[in-house]
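J.: sequence first, then the predicted structure, then my questions.
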Amino acid sequence: MSRLTRRRALCLLGGPVLAGAGLGFVREAAGEDHAHMADTADGPVHEAHEAAGHAGFAGSGVVDPAVNGFDPSAMVRDFDWGKTRRLASGRVLREWELVAVDKEFQVAPGVSYAGWAYNGRVPGPTLRAREGDLLRIRFANASAHPHTIHFHGIHPAFMDGIPGIGAGLIGTGGSTVYEFDAHPFGLHLYHCHAGPLSAHIAKGLYGAFIVDPKRARPEADELVMVMNGFDTNFDQANEIYAVNTVGFHYLYRPVVVERGAPVRIYLVNILEFDAVNSFHIHANFFHYYPTGTSLTPAEYTDTIAQVQGQRGILELAFPHEGKYMFHAHKTEFAELGWMGFFDVRS
């Protein structure tokens, strides 16, 4: 494959996929299944590529999860509560092991990316705890480069996971333990804080970190979406944009939800090389809780914007069946992979 520039990626991904989505809308109206069609070599994706005058970007619109060793369809509902035990004081100790590795993975069909990962996946495991728990994270570095883990939240300086403070940089083969209280409640994140920081984040060392309030939120179908992107030719501009790493994954593998049931989305923006990212839902509105540190929503809307490191909780329900698009409300990001569907069923 020739050098994948941003312009070439737009030609290969944007035009054909948007055209394919249009064909999908037409055929869905006739009662056909969009996800099934996307997997068919002679289906609308192939036709759209031909109509746009391009050779097919790949034989299908999806990346085989077996290639990457992680599946965005599973990751969207995967919450890691760690191993727990109750201390003599009565507090809950919650423990995890995270390992940094060098890993090549596909961010779009046929587009490989040499990145770094926590526990072999990008984003890393979604760590989840309850307010007041004692958290202990054992970190080992199996990468060829020095790394750390920096957690957003409140903790002592020597647990901050930055160079020169506490354990500082953890070299190849090294390890350390981060320990702190789960505080404050809300949606947070963790990432490597080694320099150059942009490279360590852009190459995949990050994940979501949730602290549930003592007064539990109402039950809901909970989803985690980490908005990210990939600079495939190292020009400090992203050629692929995604939620949970694989461009267009949820376009071809829609997120199935139940009509009328509450849905809660934990949305994190960790995009590097772009100042702002956004989330837009079609034909619906959501209550938005910035950072999740309040139990009262800040607004009722269908579009929100986040700078890097910002995050928030979205709560909504779908009153009607059907397929509803969600995507970045920045057209270029959507055309380069940040686009998907909810499939609402009764």
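T.: Arrived safely, thanks for sending. Numbers count the residues shown, from 1 in each chain.

J.: shaky segments in the protein?
T.: 1-4, 6-60 (pLDDT under 70).

J.: what strand or helix carries the residue most central in space within it?
T.: In the chain, the residue lying closest to the centroid (CA atoms, centre = their mean) is residue 226, at 2.4 Å. Secondary structure from DSSP states H and E places residue 226 in strand 221-230.

J.: right, and the helix or strand after that strand?
T.: According to DSSP H and E, the helix or strand after strand 221-230 is strand 240-243.

J.: and that following strand, C-alpha only, in CSV?
T.: C-alpha atoms of strand 240-243 as CSV (Å, rounded to 0.1, in the frame of the first residue of the first chain):
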residue,chain,number,x,y,z
ILE,A,240,-7.9,7.4,11.0
TYR,A,241,-10.4,8.4,13.7
ALA,A,242,-12.4,6.0,15.8
VAL,A,243,-14.2,5.1,19.0
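
J.: what packs against the next helix or strand after that strand?
T.: Per DSSP H and E, the first helix or strand lying C-terminal to strand 240-243 is helix 249-252. On a contact count with 3 or more CB pairs under 8 Å, 6 or more residues apart in numbering; DSSP states H and E, helix 249-252 meets helix 34-38, helix 72-75, strand 240-243, strand 339-345. Backbone N, C-alpha and C define where each C-beta goes, glycine included.

J.: could you export the ones you listed as CSV, including mean neighbour count?
T.: As requested, those are exported to CSV (neighbours: other CB atoms under 10 Å):
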stretch, mean neighbour count
helix 34-38, 19
helix 72-75, 19
strand 240-243, 29
strand 339-345, 22
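
J.: I'd like these written out as a markdown table, with distance to residue 92 added.
T.: Output for these, formatted as a markdown table (distance: least, CB to CB, whole Å):
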| stretch | distance to residue 92 |
| --- | --- |
| helix 34-38 | 40 |
| helix 72-75 | 25 |
| strand 240-243 | 31 |
| strand 339-345 | 34 |
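
J.: for residue 111, find the nearest of the ones you listed.
T.: The closest of these to residue 111 is strand 240-243. By CB to CB, the value is 6.5 Å.

J.: what helices or strands is the closest one leaning on?
T.: Using 3+ CB pairs under 8 Å, 6+ apart as the contact test, the elements touching strand 240-243 are strand 92-108, strand 221-230, helix 249-252.

J.: could you pull out the strands for the stretch 51-200 of the chain?
T.: According to DSSP state E, counting those that start in this stretch, the stretch 51-200 of the chain carries its strands in the segments 83-86, 92-108, 111-118, 127-130, 134-141, 150-151, 175-181, 186-191.

J.: then the stretch 201-346 of the chain?
T.: Under the criterion DSSP E, counting those that start in this stretch, the stretch 201-346 of the chain contains strands at 206-212, 221-230, 240-243, 255-258, 263-269, 276-281, 286-290, 299-301, 303-307, 311-316, 322-327, 339-345.

J.: and the residue nearest to the centre of the chain, what does it touch?
T.: 123, 206-208, 243-245, 268, 270 (CB atoms under 8 Å, 6 or more residues apart in numbering).

J.: which one is it nearest to, not counting chain neighbours?
T.: Nearest non-adjacent residue to residue 226, counting by CB to CB, 6 or more residues apart in numbering: residue 123, 4.3 Å away.
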